[in-house]
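Participant: coords below, sequence missing:
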């Protein structure tokens, strides 16, 4: 995720965001999703929307290849836009990438899991999919419905994953990973 | 969100999309069945409308009046928070810490997101959590938009008229001295036993000069598991010059 802060460095950030989207677009072959709430998500719009867009509050891009991510970060560092960059992933892997391109991470956020009435939650595999959307827009019932449709041959697992991903409006959902989990759920039934 | 019963053919296509299972079939007096959205359960997230699976486009957003507008503000990420001008739940948290300096060494940031993942919450339960945190001396992050709804920011008390409003999730943010982290985490554990929903808990550290992350030890001492998936701000941001 790449973004400016409204109270600190928003001025002049829009042209930078457009240039950043141009850089991200070069890695299209290694992205499973991208987007933002201003213009939409990869399943519905192309990079032009972001590169030419008047307003981009942020950029989200989901990489399926660590080397591609590393090269993208290397270029962002070299271009020195001055906007914040946040990488979500296994801490050790992110650290290794940062070491390789001589970046020292500034701040880290750890999850300490879920607490409270956990008995009310759906099964783990459903949660693995629904929690990819940080805004909780992917319904557990939709996951179950997609599993059923795959089992009945109405839809391919890749199409089901995209339908789930389409409900997440910020482009952070990983449909490739969702497809793998859907196929595991189908084979378990 | 509502469904126009004159257009609905009860195909149930939209039912699966609702994150809080608010859509069900009802029988009208004339003997016809239609889908209806339970207005108490509905959090105004907009998913069923955006899914666009209704063959007759029967979903519509009626004009929302206060306090129901709260639901959309905190549940629909496409909404812009009036207090921050940002879409989503309206706070950058650690994402821009390299330019804001919100979280500094010697302190740990705490994010508690009630209702996550996916169960939602009402403000009554959220108030319970906020009051419990205030009791142990927590001072809430003032830039968090939910704090604008408090009538007593020191005690974590919200205005009465929103307590029954339901949302997909709501976040409270605060910072504690590293020395006090253990006490706060124990208090959070106690609070988790008295709510009707779930919450996700995250901790934030400005990384030390030698790579130290104090929250790791604090969390482990308090008996919490740390998940290996993290968010890392890479420190590439900087304030504007001049």
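Facilitator: The structure has been received and is ready for your questions. Values in this document were obtained by computation on a predicted structure and should not be read as measured data. Residues are numbered from 1 along each chain as shown, chains lettered A, B, ... in the order given.
Participant: how is the chain divided into domains?
Facilitator: Using chain A. A:2-100, A:118-188 (automatic domain parsing).
Participant: hmm, no, I was thinking of chain B.
Facilitator: B:1-62, B:81-221.
Participant: sec struct for residue A:166, please.
Facilitator: Following DSSP: H, G, I helix; E, B strand; the rest coil, residue A:166 is assigned to helix.
Participant: spatially central residue in chain B, please.
Facilitator: residue B:170 (2.2 Å; CA atoms, centre = their mean).
Participant: looking at it, it is touching residue B:146, isn't it?
Facilitator: Yes - using CB atoms under 8 Å, residue B:170 is in contact with residue B:146, at 5.6 Å. Heads up, the C-betas are built off the backbone N, CA and C, glycines and all.
Participant: got any residues that touch both of the two?
Facilitator: Both residue B:170 and residue B:146 are in contact with B:74, B:126, where contact means CB atoms under 8 Å, 6 or more residues apart in numbering or on different chains.
Participant: quick one on the thing from earlier: need the winner for burial among the domains of chain B.
Facilitator: Greatest average neighbour count among the domains of chain B goes to domain B:81-221 (a mean of 19), per mean count of other CB atoms under 10 Å in any protein chain shown.
Participant: for the record, mean pLDDT for that one?
Facilitator: Averaged across domain B:81-221, pLDDT comes to 93.
Participant: got it, and stretch A:65-78?
Facilitator: Rounded mean pLDDT across stretch A:65-78 is 98.
Participant: flag every buried residue along it.
Facilitator: A:68, A:69, A:70, A:71, A:72, A:73, A:76, A:77 (16 or more other CB atoms under 10 Å in any protein chain shown).
Participant: how about the helices in chain B?
Facilitator: B:47-51, B:69-75, B:97-100, B:123-135, B:181-192, B:214-221 (DSSP state H).
Participant: can you pull out the low-pLDDT segments for chain A?
Facilitator: Counting by pLDDT under 70, chain A shows no low-confidence range.
Participant: adjacent strands (with direction) for the lengthiest strand in chain A?
Facilitator: For chain A, the strand with the greatest residue count under DSSP state E is strand A:107-116. Strand A:107-116 sits in its sheet next to strand B:198-206 (antiparallel), strand B:229-233 (antiparallel), going by DSSP bridges.
Participant: number of nearby residues for the closest residue in space to residue B:225 that isn't next to it in sequence?
Facilitator: Among residues not flanking residue B:225 along the chain, residue A:113 sits closest, at 5.9 Å (CB to CB, 6 or more residues apart in numbering or on different chains). Neighbourhood size, residue A:113 [other CB atoms under 10 Å in any protein chain shown]: 15.
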